[in-house]
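K.L.:
Here's my sequence, what's the structure:
(chains A and B)
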Amino acid sequence: MDYSKLLSKTVVDIKPSGIRKFFDLLNGRDDVISLTVGQPDFATPWHVRETGIISLERGYTYYTSNAGTVPLRNELAAYMKRRFNLKYDASSEIIVTVGGSEAIDLAIRATVEPGDEVIIPEPSFVCYEPITRLCGGVPVPVKTLPENDFKLTAEQLKAAITPKTKLLVLPYPNNPTGAVMTREELLPLCEVLKDTNIAVLSDEIYSELTYGGRHTSIATLPGMAERCIVVNGFSKAYAMTGWRLGFVCAPAPLTKPMLKIHQFAIMCAPTTSQLAAVEALKNGDNDIDMMRAEYDRRRKYIVEELNRIGIPCFEPRGAFYVFPDISGFGLSSEQFCEKLLDEGKVAIVPGTAFGAGGEGFARISYAYSVKHISEAIERIEKFIKTL
Amino acid sequence: MNELLKLLENDAKLTPDMLAAMLDKEVGDIKAMIDKYEKDGTIAGYNALIDWEKTDREYVTALIELKVTPQRELGFDRVAERIYNYPEVQSLYLMSGGFDLCVVIEGKTMREVALFVAEKLATMESVISTATHFVLRKYKDKGIIMKRGDIDIRRELSDGLQ
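P.N.:
From the prediction side, this is the model:
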């Protein structure tokens, strides 16, 4: 078999995820403390798990409608209104997906054709670029800057737009930087977008995890709802990563083609997960508050500790990552992280895994207990003294 | 400052430095607060929560229901004091409902506990009756589930995958 002739060249040319590479290095290394994961350390709240278990006991083991169960979509419409002041029609503007990842895939596949350009602020989550490429689209990375607190500016956006621009990815609160964009910071972007035919893929998966102010969805700003595809999910807010459940909200002319892809590729999101998610939405606001408060304490602790040991750290306002500046140690991000793993026995992810602008930085997750974080900091402190 | 107390209740090993960073306070202020709480008894003590089933130590825990006659002017406090001063008594609660005092006793053997009840508790003049329940297994105590060690399930699930 000549696999090289068999395989899609587009897929072969896609580079594997740089985060995954560091996860793999960790395999079986019990001596290493990891600060790499992008998922909550909390187990899913018990009342939510129990709802899933009961649904299995009662035999709710069949497909749901393609877009998700009606009760779940109704709860989602209520949730989006209650938490983010977003108004979506449950019957035509919401699709329940297999995680936020599928929602991103749907949004890009439904809009991007070969040659279309997709503006991607970076550093950011690793999937936008490869999915764009799979559609034959052209990723246009825009390097957000530490001096702008890793926010996208209107000038940068304007400069990146061409007649071929189809989509702007807006990944805030941001993984890996922890940056958020406030209403005041989003408004100038809206000015740039308002007379264009560019859609916005707003990835708001960390929208419940902001510190010192609620998240503003760009879709709530004047003239934006019509062009916004809002992606969200249960993984981060409710600690439900393994349930693989997300959703996408957009005007019906956009959800319709997305639903077409979803029904052929996926059929429907897992039924158990959907039934448990209704319980999360109905009775889980307190869980979110409790987890956010705990992340916030860890965030303050880790920022203070990193600065104390001499690793400058921008104060993240969202998600559960810090993105410290490690450029002062005379190593590239990748070298620093590899050396830290080998010699310091701590795993973190080099900023370069998240695209343009990541060089000189590293992502550290604080989805770990304070005890775990403090042990890791102790090791990092010892390690940097050897450099 | 209930937040500080809650954090310490959950993990008494958090240092003043950690607590100060987590709560946006000065280390000195945190130390002073803890000091004050220890002095006024708000923080009554610190324990490690040990799952003795993981050790070879022989022990047995019993929960004893006591019905007692309260004493004039002193109510239940006098008899409670006589009971809690025994080192065998781990916990003591005044209860509403079908009995008055709930005593938690730890001993080496069932016989030792039974003797303590028969000789020390039942013989007190204000004690009307006793009912002894032995604990067969401790599943959860002070918010902590006993069976788990300090493992990261996330790592267990993602290890080995590409």
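
K.L.:
so where do the helices sit in the chain?
P.N.:
Using chain A here. A:3-6, A:9-13, A:18-26, A:46-57, A:70-84, A:99-111, A:128-134, A:154-160, A:183-193, A:252-265, A:271-283, A:285-308, A:333-339, A:370-385 (DSSP state H).

K.L.:
you looked at the wrong chain, it should be chain B
P.N.:
Counting by DSSP H, chain B has helices at residues B:2-10, B:16-23, B:27-40, B:77-84, B:110-116, B:153-158.

K.L.:
Run the chain-centre distance for the last one.
P.N.:
Between the centre of helix B:153-158 and the centre of its chain there are 33 Å (CA atoms, centre = their mean, to the nearest Å).

K.L.:
Ok, the fourth one next?
P.N.:
Counting by CA atoms, centre = their mean, helix B:77-84 is centred 17 Å from the centre of its parent chain.

K.L.:
The longest one now?
P.N.:
For helix B:27-40, the distance between its averaged C-alpha position and the chain's averaged C-alpha position is 23 Å (CA atoms, centre = their mean).

K.L.:
Send over that helix as CSV, restricted to the C-alpha atoms.
P.N.:
Presented in CSV, the C-alpha positions along helix B:27-40 are these (Å, rounded to 0.1, in the frame of the first residue of the first chain):
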residue,chain,number,x,y,z
VAL,B,27,0.9,38.6,54.8
GLY,B,28,1.1,40.4,58.1
ASP,B,29,-2.6,41.0,58.2
ILE,B,30,-3.3,37.3,57.5
LYS,B,31,-0.9,36.3,60.3
ALA,B,32,-2.6,38.7,62.7
MET,B,33,-6.0,37.4,61.8
ILE,B,34,-5.1,33.8,62.3
ASP,B,35,-3.4,34.7,65.6
LYS,B,36,-6.6,36.4,66.7
TYR,B,37,-8.8,33.5,65.7
GLU,B,38,-6.5,31.1,67.5
LYS,B,39,-6.6,33.2,70.6
ASP,B,40,-10.3,33.7,70.7
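
K.L.:
who touches it?
P.N.:
B:M1, B:L4, B:L5, B:L8, B:P16, B:D17, B:L19, B:A20, B:L23, B:T42, B:I43 (CB atoms under 8 Å, 6 or more residues apart in numbering or on different chains). (Glycine included, C-beta is placed from N, CA and C.)

K.L.:
Quick one: mean pLDDT for it?
P.N.:
Averaged across helix B:27-40, pLDDT comes to 96.

K.L.:
That one to helix B:16-23, inter-axis angle?
P.N.:
110 degrees (axes from the mean of the first three to the mean of the last three CA atoms, to 10 degrees).

K.L.:
Number of residues surrounding A:L25?
P.N.:
15 (other CB atoms under 10 Å in any protein chain shown).

K.L.:
Can you tell me the closest non-neighbouring residue to it?
P.N.:
Of all residues not flanking A:L25 in the chain, A:L341 sits nearest, at 6.2 Å (CB to CB, 6 or more residues apart in numbering or on different chains).

K.L.:
Correct me if wrong: the one you found contacts A:V32.
P.N.:
Yes - in this structure, A:L341 is within contact of A:V32 by CB atoms under 8 Å, at 6.4 Å.

K.L.:
any common contacting residues for those two?
P.N.:
Shared contacts of A:L341 and A:V32, defined by CB under 8 Å, 6+ apart, are found at A:L26, A:A347.

K.L.:
right, and B:L5 touches B:T42 too?
P.N.:
Yes - if you go by CB under 8 Å, B:L5 and B:T42 touch, sitting 7.0 Å apart.

K.L.:
Show me how the chain divides into domains.
P.N.:
Going with chain A. Split into domains by automatic domain parsing, chain A comes to A:3-44+A:286-385, A:46-284.

K.L.:
not what I meant, chain B
P.N.:
According to automatic domain parsing, the domains of chain B span B:2-40, B:52-139.

K.L.:
can you pull the buried residues of the first one?
P.N.:
Put plainly, it is domain B:2-40. Along domain B:2-40, these residues count as buried under the neighbour rule (16 or more other CB atoms under 10 Å in any protein chain shown): B:4, B:7-8, B:14, B:16-23, B:25, B:30, B:33-34, B:37.

K.L.:
so how far is it off the chain centroid?
P.N.:
Per CA atoms, centre = their mean, the centroid offset for domain B:2-40 relative to its chain is 21 Å.

K.L.:
how long is it from one end to the other?
P.N.:
Its start and end residues considered, domain B:2-40 measures 15 Å (CA to CA, to the nearest Å).

K.L.:
With stretch A:120-136 instead?
P.N.:
15 Å.

K.L.:
That one near chain B anywhere?
P.N.:
No - between stretch A:120-136 and chain B, judged by CB under 8 Å from any CB of the partner chain, nothing touches; the nearest distance is 15.1 Å.

K.L.:
if we can go back for a sec, kindly indicate which of the contacts of helix B:27-40 lies nearest chain A.
P.N.:
When those are ranked by distance to chain A (CB to the nearest CB), B:L23 comes first, at 7.1 Å.

K.L.:
Let me see the contact set for the most centrally placed residue in chain B.
P.N.:
Centrality entry for chain B: nearest residue to the mean C-alpha point is B:S91, 6.2 Å, by CA atoms, centre = their mean. By CB under 8 Å, 6+ apart, the residues touching B:S91 are B:C102, B:V103, B:V104.

K.L.:
10 Å instead?
P.N.:
Counting by CB atoms under 10 Å, 6 or more residues apart in numbering or on different chains, B:S91 touches B:T61, B:L63, B:Y84, B:C102, B:V103, B:V104, B:I105, B:E106.

K.L.:
Nothing else from me, thank you.
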